[in-house]
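1. Next one to model:
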Amino acid sequence: MNAPPLRIPLRTARRLILTKQRLAGRRPSGGASDAILSVIRDLGYVQWDPVSIVAPSHLISLWSRLERFRPTDLERLLWEEKKVLEHWTPMASLVLTEDYPLYASLMHRYPDSLTSSWGSQRTRAKEFLRSHAGLRQTILHQLERKPRTLSDFGDHVRAREDAEAWNPSSDVSTMLFHLTMTGEVMVVGHVGAQNLWGLSRGFLPGWVERAPLPEAEFEREAAQRAVRALGVASRPEITHYFVRGRYQHLQRTLDRLEAEGTLHRVTVEGLSDRMPRYLHAQDVRLLASLDDGAWQPRTSLVPPFDNLVAGTDRMVRLFGFRYVREQFLPREKRRFGTYVLPIVCGDQVIGRIDPRVDRKANRLLVQAVHAEKDAPAGDEVGEEIAGTIARFAGFLGVREVSYSATVPRIWKRALR
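-> Numbering: from 1, shown residues only. Got it, this is the predicted structure:
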């Protein structure tokens, strides 16, 4: 019989979440490469987004968690040491090469590894692979010769409209996606903003374990990774986080992990929903310490595709913070700005900024700062925010920060 759920205060749950998301507590020590690897290992993945309105989202995610971060260190890990891979989870993400057996399990079973949450994608994937067998062979044959960008495939690249597709696509780009999901091809570099595609067997280093995990073992490992990264998590939150929409028997897996004591059920006081949540046994001691002086708060900025804000409903329930990626909205519908970065301070998300880089003037323009209604006031908080923004400007390689008049009254003396 399972033990009764642990009851934890909402504030303690938030502290655990931010500690596990590496936005509180001591920053990783050691060499630059080891620090990057440790962050990706704890988070499970970092979503890759090369769009550089201010800076690419994945770079900001890593910067926010590291004492010092240089994009060149990440590039070396990706393309020289090959300890980090770019893979679809199902969004383009940075993952650890050491986790390849997890992804190999999904690749080996693709497209049957897709669940019903993908809608008709599994059926459509099977049909596409069946009806485009010749295109598959052509792409693989061309990649045998050398890696290629999408545009290198010439006549095959013709955009087509598909009412059910996420974006206008082509048969070649669709096939490259499916071949990535089967593990036959992967991103082996970049040429400007384009992916450089190559054969996985020619790119993966010899030390990589390629044998796929059996499905049951995959689910055990992936579910534990998700719970540990999230701190406390419900079944839908686990499914959404890592690896998204790929569990076939998640509740059965969670029940077994709970029965053997690997996971504990928790009830978060102050939440209106009655959804069961889980805590990993390895984090019970950490949880208890967060109210005994071990809590180490920080102030951070996180980007639009950060792991913390990946689950909109989860952020509303647990932090009372609703985040919308306003860069995808028409300008007239934007409330907070174009490329909005939430501000994490202590165990709260206290506001957001709308930054823009003016390379000509060598400065970071903070076009607006917005405070949440329950944000802490005072010069000390304002100075924490200003110091974090100044550090961000240094990461972006600009010399000064300028603020518009749109700053909250409660922090106005510091943000000027």
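
2. Buried residues, the helix or strand that residue 33 is a member of. List them.
-> In the assignment (DSSP states H and E), residue 33 maps to helix 32-43. Applying a neighbour-count criterion of 16 or more other Cβ atoms under 10 Å, one finds 32, 35, 36, 37, 38, 39, 40, 42, 43 buried in helix 32-43. All C-beta atoms are positioned from the backbone trio N, CA, C, and that covers glycine.

3. Report the next helix or strand after that helix in sequence order.
-> Defined by DSSP H and E, the subsequent element after helix 32-43 is strand 46-47.

4. May I see the buried residues of whichever helix in the chain runs longest?
-> Identified as the longest helix of the chain according to DSSP state H is helix 379-396. The neighbour-count check on helix 379-396 (16+ other Cβ under 10 Å) flags 381, 382, 384, 385, 386, 388, 389, 392, 393, 395, 396 as buried.

5. can you pull the buried residues of stretch 212-223?
-> Buried, per 16+ other Cβ under 10 Å, within stretch 212-223: 212, 213, 215, 218, 219, 220, 221, 222, 223.

6. nearest to residue 92, of these?
-> Checking the buried residues of stretch 212-223 against residue 92 by Cβ to Cβ gives residue 222 as the nearest, at 18.4 Å.

7. so the strand ranked longest in the chain versus helix 379-396, what angle?
-> In the chain, with assignment by DSSP state E, the single longest strand is strand 348-358. Interaxial angle of strand 348-358 relative to helix 379-396 (axes from the mean of the first three to the mean of the last three Cα atoms, to 10 degrees): 40 degrees.

8. Pairing partners for strand 348-358, with directions?
-> Paired neighbours of strand 348-358 in the sheet (DSSP bridges): strand 341-345 (antiparallel), strand 363-371 (antiparallel).

9. ok now the first one, how far from the chain's centre?
-> In terms of Cα atoms, centre = their mean, to the nearest Å, the centre of strand 341-345 is set 16 Å apart from its chain centre.

10. Residue 203 against residue 79, yeah?
-> No - checked against Cβ atoms under 8 Å, the pair residue 203 and residue 79 is beyond contact range at 9.4 Å.

11. list residues touching both of those two?
-> residue 188 (Cβ atoms under 8 Å, 6 or more residues apart in numbering).

12. Identify the residues contacting residue 184.
-> Per Cβ under 8 Å, 6+ apart, neighbours of residue 184: 140, 199, 200.

13. Which of these sits closest to residue 3?
-> Distances from residue 3 to those, taken by Cβ to Cβ, are shortest for residue 200, at 43.8 Å.

14. sorry, back to before: deepest in the core, which of the strands paired with strand 348-358 is it.
-> A comparison of the strands paired with strand 348-358 by mean neighbour count, using mean count of other Cβ atoms under 10 Å, puts strand 341-345 on top with a mean of 24.

15. ok, and what's touching that strand?
-> 18, 23, 54, 60, 297-304, 306, 308-309, 321, 323, 349-355, 375-376, 381, 384-385, 388.

16. circling back to that earlier point, could I get the buried residue list for the helix or strand following the longest helix of the chain?
-> Next along the chain after helix 379-396, taking DSSP H and E as the criterion, comes strand 400-403. Neighbour counts over strand 400-403 (16+ other Cβ under 10 Å) mark 401, 403 as buried.

17. who does strand 400-403 touch, helix- and strand-wise?
-> Counting by 3 or more Cβ pairs under 8 Å, 6 or more residues apart in numbering; DSSP states H and E, the packing neighbours recorded for strand 400-403 are strand 363-371, helix 379-396.

18. can the ones you listed go into a markdown table with extra columns for mean pLDDT and distance to residue 47?
-> Converted to a markdown table, those look like this (pLDDT from 0 to 100; distance: least, Cβ to Cβ, whole Å):
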| stretch | mean pLDDT | distance to residue 47 |
| --- | --- | --- |
| strand 363-371 | 97 | 23 |
| helix 379-396 | 97 | 18 |
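
19. Turn those into a markdown table, including distance to residue 277.
-> Below are these laid out as a markdown table (distance: least, Cβ to Cβ, whole Å):
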| stretch | distance to residue 277 |
| --- | --- |
| strand 363-371 | 29 |
| helix 379-396 | 30 |
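
20. Surely residue 39 touches residue 20?
-> No - the criterion here is Cβ under 8 Å, and residue 39 misses it with residue 20 at 11.5 Å.

21. Now do the same contact list for residue 196.
-> 147, 148, 149, 187, 188, 189, 190.

22. doesn't residue 25 fall inside a strand?
-> No - Residue 25 sits outside any strand when classified using DSSP: H, G, I helix; E, B strand; the rest coil, being coil.

23. quick one, what contacts it?
-> 19, 296, 298.

24. Outline the domain layout of the protein.
-> 1-294, 324-411 (automatic domain parsing).

25. follow-up on the earlier one: mark which of the contacts of residue 196 are part of strands, please.
-> Per DSSP E, these map to strands at 187, 188, 189, 190.

26. Turn the buried residues of stretch 212-223 into JSON lines, including pLDDT.
-> What follows is the buried residues of stretch 212-223, written out as JSON lines (pLDDT from 0 to 100):
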{"residue": "212", "pLDDT": "96"}
{"residue": "213", "pLDDT": "97"}
{"residue": "215", "pLDDT": "96"}
{"residue": "218", "pLDDT": "98"}
{"residue": "219", "pLDDT": "97"}
{"residue": "220", "pLDDT": "98"}
{"residue": "221", "pLDDT": "98"}
{"residue": "222", "pLDDT": "97"}
{"residue": "223", "pLDDT": "98"}
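
27. As TSV, the residues you listed with distance to residue 194 would be great.
-> As requested, the buried residues of stretch 212-223 are exported to TSV (distance: Cβ to Cβ, whole Å):
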residue	distance to residue 194
212	29
213	32
215	34
218	32
219	35
220	37
221	33
222	30
223	35
